[in-house]
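In: here's my sequence, what's the structure:
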Amino acid sequence: MARRSRVRAVATAAGAVALVAGAFGTGPARADTADAAREMTVRFTEPELFIGTEPASVYMVYRWKVAGGGTAHHVHLTVDLSGVADFAEPEPSEHCNGNLCTLDLASATSDYHVITLVPKPGAAVGSSGTVTVSGTASDATVTGDHLTLTNGKTQLKVSASAEQLNAVPGDTLSFPLDVWNNGQLPAAKGVELLIDTTAGLHLQGSWSNCRDVSASGRGGHIVHETLCDFPIPVEPGRQYALSSPLRVKVGDEALRDKIFYQFTPLTSAAPANGPGTPLTLVPKGAMPSDGNTDRYFTTYVDSVNHADFAVTGDTATGRRGGHATLHATVIDRGPAVVQDLLDEDAFLPVLVKLPPGTKATKIPDNCQPPPTDDGSDPGPRMGRSSYWCYFHDPAPEDRHVLSFTVAIGPRTPAVSTGQVRALEFMEGLDPDGSNDSAALTLRLAQGGSMGGGTAGGSGSVSGGPPAGSGPLADTGFGGGWIAWAAGALLLAGGMALALSRRSRGGN
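Out: Next up is the predicted model:
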């Protein structure tokens, strides 16, 4: 199976309870008012449930809520399972006796309850029935609910594909896909294939039964999404293959990418969208006994590519006792899109050393003092001479300006030079190191100093140290300082993910 972008969720009762708790809450009861509406509703969280094979049980959850935030008293709730008694029964519980499960509450505002149902031995697959919930209260009218329970489920699985670790922009990759049904019920109306890709991968071809849809809201850096409908039944225990493999071209912007695919039962056929012949499913015999057991799969594609980060400095003019503003510019020249596919941000770190004799009085929001050796709080953000800044998910053509306003001290040299430097945060990502750093230079205006701390001037952008600015070694930005700061960033910013990316979890 190799690595996956997601950890497969195993259904548990605790998971179901946590989900419902997050959705509905169980906060403390509010004090009743004299005219509080005594109406209490009880609802199942799902209108339809299926007993499958993975696992061979189902969690039935119902919730209740008293209108207006009031409280109902002496509440008695009943779940009637007689409509499904031929094929399902509750797991042993103090709340269940035969086909009835009850719950008594001295008072109720908003909460939930979970009942686990299991199939009876020898129960007929496809059997279906209705479960109801009702209730009474001493001072409220209780409105109940019902759901449909079916013994059996369609459970589609998709084949796995090996990840590609050394792709090159311009390559075309092939992904043959199989789908099978290890449930008890057929996908009677057919199946739908969802294909998601990140920025550097481009699906090739167009089919009459496939359509491109908006990927907005998908998250996880997904930018391309395609849906294909296959209106043929997928029978239990049977395997089917795509009539032709998916072909994906590796784009110029590729670096860390993935392709995600998932089959789901088709509920209604969508209008044809693409030109050309249809992509079809071809019967392939019995399903594999040891194949992938996931309903979706993600294949990672790593490309041999780079992104060039360029830094531009600045020269400003001011007077002792005054202030000046220095602007540093960071540009992503691409072509690669740098992203972290583990649902965490990749970020470009930038180190800033202000000119000696100055202290910051205003800094960008995305900048912080360097972390301490022991990882403790470095203290106030202002009044420092060194900072590190970061830009999340750098993309080609991104341009960021870092503006620092500094107070000029009484012993600031006539020409004082600091530095801004972009760090390499993925090995080999930025092959051109000549434009990774630039000077931040402060020149004192003629006249030397000024009283009262009034503002001084700000200069224009400069690509490097101006003549006569003095050696950079005087700025304190020697190799040892950079190595220390880079190590601290790794600890404080979670950059080990960006440096490695080699440990991906399973679905």
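
In: low pLDDT regions in the stretch 401-507 of the chain?
Out: Applying pLDDT under 70 to the stretch 401-507 of the chain flags residues 447-507.

In: got the buried residues for the host helix or strand of residue 441?
Out: Residue 441 is located in strand 437-449, with elements delineated by DSSP states H and E. For strand 437-449, burial by neighbour count (16 or more other C-beta atoms under 10 Å) applies to 437, 438, 439, 440, 441, 442, 443, 444, 445. Glycine gets a C-beta too; all of them are placed from N, C-alpha and C.

In: what is it packed up against?
Out: For strand 437-449, the packing partners by 3 or more C-beta pairs under 8 Å, 6 or more residues apart in numbering; DSSP states H and E come out as strand 307-320, strand 323-335, strand 399-408, strand 415-422, strand 461-462.

In: which other helices and strands contact the first one?
Out: Looking back up the chat, that one is strand 307-320. Right, strand 307-320 is packed against strand 323-335, strand 399-408, strand 415-422, strand 437-449, strand 461-462 by 3+ C-beta pairs under 8 Å, 6+ apart.

In: go again using 6 Å as the cut-off
Out: With contacts defined as 3 or more C-beta pairs under 6 Å, 6 or more residues apart in numbering; DSSP states H and E, strand 307-320 has these neighbours: strand 323-335, strand 415-422, strand 437-449, strand 461-462.

In: in this structure, what helix or strand scores lowest on average pLDDT?
Out: strand 461-462 (a mean of 32; mean pLDDT, DSSP states H and E).

In: for stretch 156-174, the distance to its chain's centre please.
Out: Stretch 156-174 sits 21 Å away from the centroid of its parent chain (C-alpha atoms, centre = their mean, to the nearest Å).

In: can you show me the CA trace of that stretch as PDB?
Out: Only the C-alpha atoms of stretch 156-174 are listed here, as PDB (Å, rounded to 0.1, in the frame of the first residue of the first chain):
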ATOM      1  CA  LEU A 156     -16.700  -0.400  -3.200                       C
ATOM      2  CA  LYS A 157     -12.900  -0.700  -3.200                       C
ATOM      3  CA  VAL A 158     -10.300   0.700  -5.600                       C
ATOM      4  CA  SER A 159      -6.900  -0.700  -6.600                       C
ATOM      5  CA  ALA A 160      -3.700   0.800  -5.400                       C
ATOM      6  CA  SER A 161      -1.000   2.400  -7.500                       C
ATOM      7  CA  ALA A 162       2.700   2.700  -6.700                       C
ATOM      8  CA  GLU A 163       3.900   6.200  -5.900                       C
ATOM      9  CA  GLN A 164       6.200   8.000  -8.400                       C
ATOM     10  CA  LEU A 165       9.300   9.500  -6.700                       C
ATOM     11  CA  ASN A 166      11.400  10.700  -9.600                       C
ATOM     12  CA  ALA A 167       9.000  12.200 -12.200                       C
ATOM     13  CA  VAL A 168      10.300  15.000 -14.500                       C
ATOM     14  CA  PRO A 169       8.100  17.900 -15.800                       C
ATOM     15  CA  GLY A 170       6.900  16.700 -19.200                       C
ATOM     16  CA  ASP A 171       6.500  13.100 -18.200                       C
ATOM     17  CA  THR A 172       3.200  11.300 -18.800                       C
ATOM     18  CA  LEU A 173       2.200   8.800 -16.100                       C
ATOM     19  CA  SER A 174      -0.300   5.900 -16.400                       C
END
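
In: averaged pLDDT, it. What do you get?
Out: Computed over stretch 156-174, the mean pLDDT rounds to 94.

In: quick check: buried residues in that stretch?
Out: By 16+ other C-beta under 10 Å, the buried positions in stretch 156-174 come out as 156, 157, 158, 159, 160, 161, 163, 164, 167, 169, 171, 173.
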